[in-house]
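output the structure for:
(one chain, ligands or ions: 3)
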Amino acid sequence: MGNRLQKYRGCLLAVALGDVIGSKYEWMSSRDLNSQFKTPLDVIHGTSLKEDAYYTDDTQMTICVAESLLKDGRINRENLAQNFSESYDTWRGYGAGTRAVLNAIYTGATVEDASVAEFSEGSYGNGAAMRVAPLGLYFPKNQELLRSAVHDASSITHCHRHGIEGAQIMANAISYMVRVKQFEIDEYWKVITNAVESNNFRLKIDQAMSLSSLDDLIEYGSDISALDSVPTALACAAIHHNCLLTAIGTAILIGGDTDTVASMTGALVGALVGDHAIPETFIKAVDRDNKKGATYLITLADELEKASNKQ
Ligand code: F2R
Ligand code: MG
Ligand code: MG
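Ligands and ions are numbered 1, 2, ... in the order given. As a prediction, the model looks like this:
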């Protein structure tokens, strides 16, 4: 188990690591992945990060949340929306709804109008949940502040109740992982169920609690909606809470939304075990030519750790 600083670094670096490796297999089937790789660790060690170890929207938007939080000391929706819009790299594989929201913000729409640019009831995609790690790290002990910050950060692009609920659940689970010295499975699921609001999520989380193997996870599935990916990541992290690389490799072998489920799983287990679980070669590979690569993620993690003491 890592010390406090290692846990903060582990969380953000594992967001990127899961994203970087997982994005090479996004939307592949579990059948194809499992015929290519024998074990979860084969996925990690058998994926070349020499040439292109770019992160995608998952990490890009996580960085924006961390930056805005550190700059404003809270979530200012307008500032965060601007940050999302200014850092939007079209080639990083954003969801169609999020692309529409960011284009609307770029052309001057208000945050409220932009949030329904693609879907009139808002997006139920996993795009809010996948970027929520900095909030769980910033408010590890203050549930009320966490709740309102997650709502504000999520509703910019995901005002559908399931989009927000997935982010609330993920943020609470991450705050649990960073808070504790010892993982207690019953306590973990209790924190998660306390953050559940809808029957749809209650049902999915109830099922997720009983999963115990890769076959179970494959049958349970992974897709782009918050409802079909957040519980998958929570279960994968619970099963492999003591081995970050196995957790990320397993999340990828499930198939489907591999970068996002691996990134969310990484955030959870990374926040528990810390960055010493990540080999230096992987850390160096993450978006190596980008000034917002691994070194920058470590800086953000350190600043979040310092600032979270005041919350
Ligand atoms: N989008 C991708 N990967 C595909 C990249 C394709 C390629 N590289 C390219 O760009 O051409 N990955 C990323 O998207 C997911 C996060 O998505 P997010 O931010 O939630 O987007 P969105 O569009 O809001 O929701 C995702 C899809 O869910 C369906 N959906 C959501 N709300 C809906 C509603 N109210 N009604 C109907 N459908 C709804 C739509 O199909 C959305 O497009 C992550 O996987 C990330 O890695
Ligand atoms: Mg992505
Ligand atoms: Mg994805």
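
ok, now which ones touch D259?
Going by C-beta atoms under 8 Å, 6 or more residues apart in numbering, D259 touches 18-20, 22-23, 25-26, 56, 58, 93. Using the backbone N, CA and C atoms, a C-beta is placed for each residue, glycine as well.

kindly recompute the last result at 7 Å.
19, 22-23, 26, 56, 58 (C-beta atoms under 7 Å, 6 or more residues apart in numbering).

between those residues, which sits nearest Q168?
D58 (17.7 Å; C-beta to C-beta).

I'd assumed V20 was in contact with the closest one.
No. Contact criterion C-beta atoms under 7 Å: D58 and V20 do not qualify, at 9.5 Å.

could you point out which element follows the helix or strand of the chain with the lowest mean pLDDT?
The weakest-scoring helix or strand in the chain, judged by mean pLDDT, DSSP states H and E, is helix 280-285 (a mean of 90). Downstream of helix 280-285, the next assigned helix or strand under DSSP states H and E is helix 294-308.

so what touches that next one?
4-5, 8-9, 11-13, 16, 63, 66, 70, 134, 137-138, 140, 283-284, 286.

list the contacts of the closest residue to R288 other than its chain neighbours.
Excluding the flanking residues, the one nearest R288 by C-beta to C-beta, 6 or more residues apart in numbering is A53, at 6.5 Å. Each residue near A53 by C-beta under 7 Å, 6+ apart is listed here: 20, 285-288.

just give me the closest of those residues to I248.
V20 (9.9 Å).

re earlier: what about D58 and V20, which has more around it?
Neighbours around D58 and V20, counted as other C-beta atoms under 10 Å, are more numerous at D58. The numbers are 33 against 28.

and the gap between the more buried one and ligand 2?
4 Å (C-beta to the ion, to the nearest Å).

and that residue, that one's in a helix?
Yes. Under DSSP: H, G, I helix; E, B strand; the rest coil, D58 sits within a helix.

what's the neighbour count on the closest residue to ligand 2 within the stretch 1-150 of the chain?
Among residues of the stretch 1-150 of the chain, the one nearest ligand 2 by C-beta to the ion turns out to be T56. It sits 3.3 Å away. By other C-beta under 10 Å, 22 other residues sit near T56.

what strand or helix carries the residue lying closest to I75 once chain neighbours are set aside?
Take I75 and drop its neighbours on the chain: the residue closest to it by C-beta to C-beta, 6+ apart is D152, 4.2 Å away. Secondary structure assignment for D152, by DSSP H and E: helix 143-154.

next SSE downstream of that helix?
helix 161-179.

tell me the buried residues in the next helix or strand after that next one?
Next along the chain after helix 161-179, taking DSSP H and E as the criterion, comes helix 185-194. By 16 or more other C-beta atoms under 10 Å, the buried positions in helix 185-194 come out as 188-189, 191-192.

and those as CSV, adding distance to ligand 2 and pLDDT?
As requested, the buried residues of helix 185-194 are arranged in CSV below (distance: C-beta to the ion, whole Å; pLDDT from 0 to 100):
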residue, distance to ligand 2, pLDDT
Y188, 25, 98
W189, 27, 98
V191, 26, 98
I192, 23, 98
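
could those residues be laid out in TSV, adding distance to ligand 3?
Compiled in TSV, the buried residues of helix 185-194 are given as follows (distance: C-beta to the ion, whole Å):
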residue	distance to ligand 3
Y188	24
W189	25
V191	25
I192	21
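
out of those, which is nearest to ligand 1?
I192 (20.3 Å; C-beta to the nearest ligand atom).

could you flag which of the contacts of A53 are buried?
Looks like these have 20, 285-287 buried, using 16+ other C-beta under 10 Å.

would you list every one of the helices in the stretch 201-311 of the chain?
214-220, 230-239, 244-253, 258-273, 280-285, 294-308 (DSSP state H, counting those that start in this stretch).

cool, and the stretch 1-150 of the chain?
Using DSSP H, counting those that start in this stretch, helices in the stretch 1-150 of the chain cover 4-22, 30-36, 40-45, 57-72, 77-86, 96-106, 111-114, 133-138, 143-154.

of those helices, which is nearest S222?
Using C-beta to C-beta, the helices of the stretch 1-150 of the chain put helix 30-36 closest to S222, at 8.6 Å.

tell me the pLDDT of whichever residue of the stretch 201-311 of the chain sits closest to ligand 1.
Nearest to ligand 1, among the residues of the stretch 201-311 of the chain, is T260, at 4.0 Å (C-beta to the nearest ligand atom). Looking at T260, its pLDDT stands at 98.

now swap in M177 and tell me
98.

please compute how far stretch 14-28 lies from its chain's middle.
Centroid separation for stretch 14-28 versus its chain: 11 Å, with C-alpha atoms, centre = their mean, to the nearest Å.
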